[in-house]
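J.: Could you work out the structure for the sequence below:
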Amino acid sequence: MNDGMIDVLDQWGDKTGEILPKTEVHKRELWHAGAHLWIYNSKGEVLLQHRSPGKKIFPDTWDISVAGHVDSGETPPQTLVREAKEELDLTIDPELLRFIGITFFDAKLPVGWIHRVFDWTYILQMEIDLKSLKFQETEVDDIKWHPMDDFERDINSPEIFKRYSARPKYVYQMAITEIQDMLIKNQSE
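T.: Residues are numbered from 1 along each chain as shown. Okay, the predicted model is just below:
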């Protein structure tokens, strides 16, 4: 696990002024910031990554296109640019990111500690040839374009939903709604 320095947040998502290594923040179960990016294409598909089995948080599950902890002094869009490059060798333009909201996660993980994070969430339409991407194998072991209709069915099926990261269902539903709205808007233009 990258042990970058991250800002500690209070229970409302505001910085406390304390900056600690990520492992210490997790060990002490402190609130901190993350960034999520859902990438979709004009065909109505969402890019999903499969987290490597060695990950401490949500191993061996399908998850958000790009995600990561916000390093101290970094903005969420800067985090997403960094993480997209690190995880997928993908260059993204932060000016094209569309902010859709802040979600939070406050739950015990199977590794034994409570993960408390506020996630700044964005969407981005991007046409990507998956063969051009190179995974950071310690983070990602597969990626796929997944049709939005199938994705929505997966999230609403208790059995299939177990294959996804155990984030609150509303995190997925918020992304689905926003992406579907953008696809409809783009078709009408």
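J.: can you map out the helices along this protein?
T.: Counting by DSSP state H, one finds helices in the chain at the ranges 22-27, 76-88, 148-156, 158-161, 169-188.
J.: closest one to residue 49 among those helices?
T.: Set against residue 49 and scored by Cβ to Cβ, the helices of the chain come closest in helix 76-88, at 7.0 Å. (C-beta placed from N, C-alpha, C; glycine too.)
J.: The chain: strands as residue ranges?
T.: Using DSSP state E, the strands of the chain run over 5-9, 15-21, 31-40, 45-51, 62-63, 66-69, 98-108, 114-125, 140-147.
J.: re earlier: identify whichever of the helices of the chain lies nearest to residue 60.
T.: Of all those, it is helix 158-161 that lies closest to residue 60, at 14.7 Å by Cβ to Cβ.
J.: Quick check: buried residues in the closest one?
T.: Using 16 or more other Cβ atoms under 10 Å as the test for burial, helix 158-161 gives residue 161.
J.: Can I get that helix as CSV, trimmed to CA atoms?
T.: Coordinates of each C-alpha in helix 158-161 appear next as CSV, following Å, rounded to 0.1, in the frame of the first residue of the first chain:
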residue,chain,number,x,y,z
PRO,A,158,-28.2,-9.4,-4.5
GLU,A,159,-26.3,-12.4,-5.8
ILE,A,160,-24.5,-10.6,-8.6
PHE,A,161,-23.9,-7.5,-6.5
